[in-house]
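>>> here you go, sequence then predicted model.
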Amino acid sequence: KSRRLCAESDNILLDGLWKEKGSVDEKVYAYSKARGGQRALVIYHNRYGETRGTVHHSTGFIDKVNGGLRQRTLQDGLNLPTDHEVILAFRDVSNGLEYLRRASDLHQRGFSIHLNAYKYHVFLHWRELRASREYPWDRLHDSLHGAGVPNLDEALDQLRLQPLHDALRGALEPAILAKIIDAAEMD
């Protein structure tokens, strides 16, 4: 369904996986693309072994307008906002999980990832969210610590219901239940 976004080469930005010491992992192929409101980030590790790094800047490319070598940020390639208040939601279609990242974190630090041997990730269905009292996406982002979930809306519902669950769990402690049972037996 996303073939047109992922397969065509127009507006594609080849990204590098930058390792801690500043070198590019040549065995990782990454590209980002934005087209018509849709976005894709594709990352593939073409090697036996594992690696980790950050996709933040593209590899150099020739600027056809001005000439010379240029680089663009991942933020540019995906046409993402940089606002700290924007929470980005996206799905990894390779494992079905959804993730949250702050737009400002991607802008400042890039997209950090750990890859096992010959693994790939295809991040699609990007949405821009803003936290509110009714939709505390920022709290959910902070509670997930970068982990993915099968459904962000369900995870948000669980977060909203957490105070009720905690109260119910507290009321069902064995010592409290024993007192309730004793009181009921005395009647």
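Happy to help now that I have it.

>>> where does this protein have low pLDDT?
Within the chain, the stretches with pLDDT under 70 are 1-13, 165, 177, 187.

>>> quick one: the strands in the chain?
12-18, 28-35, 38-45, 51-58, 61-62, 69-70, 86-92, 97-102, 111-115, 120-130 (DSSP state E).

>>> now the second one, how far from the chain's geometric center?
It stands for strand 28-35. Taking C-alpha atoms, centre = their mean, to the nearest Å, one finds strand 28-35 lying 15 Å from the centre of the chain it belongs to.

>>> who are the packing partners of that strand?
Where contact means 3 or more C-beta pairs under 8 Å, 6 or more residues apart in numbering; DSSP states H and E, strand 28-35 is packed against helix 3-7, strand 12-18, strand 38-45, strand 51-58, helix 74-78. C-beta: built from backbone N, CA, C; applies to glycine.

>>> cool, and the first one?
Judged by 3+ C-beta pairs under 8 Å, 6+ apart, strand 12-18 is in contact with strand 28-35, strand 51-58, helix 74-78.

>>> mind checking how far that strand is from the chain centre?
17 Å.

>>> next: the fourth one.
Relative to its chain's centre, strand 51-58 lies at 14 Å (C-alpha atoms, centre = their mean).

>>> which of the residues in it are buried?
51, 53-58 (16 or more other C-beta atoms under 10 Å).

>>> nearest to Gly77, of those?
Ser58 (6.4 Å; C-beta to C-beta).

>>> His107: which of the helices and strands packed on strand 12-18 is closest?
helix 74-78 (4.9 Å).

>>> residues in contact with that closest one?
For helix 74-78, the surrounding residues in contact (C-beta atoms under 8 Å, 6 or more residues apart in numbering) are 13, 15, 32-34, 39, 41, 55-58, 80, 82, 103, 106-107, 110-111, 126.
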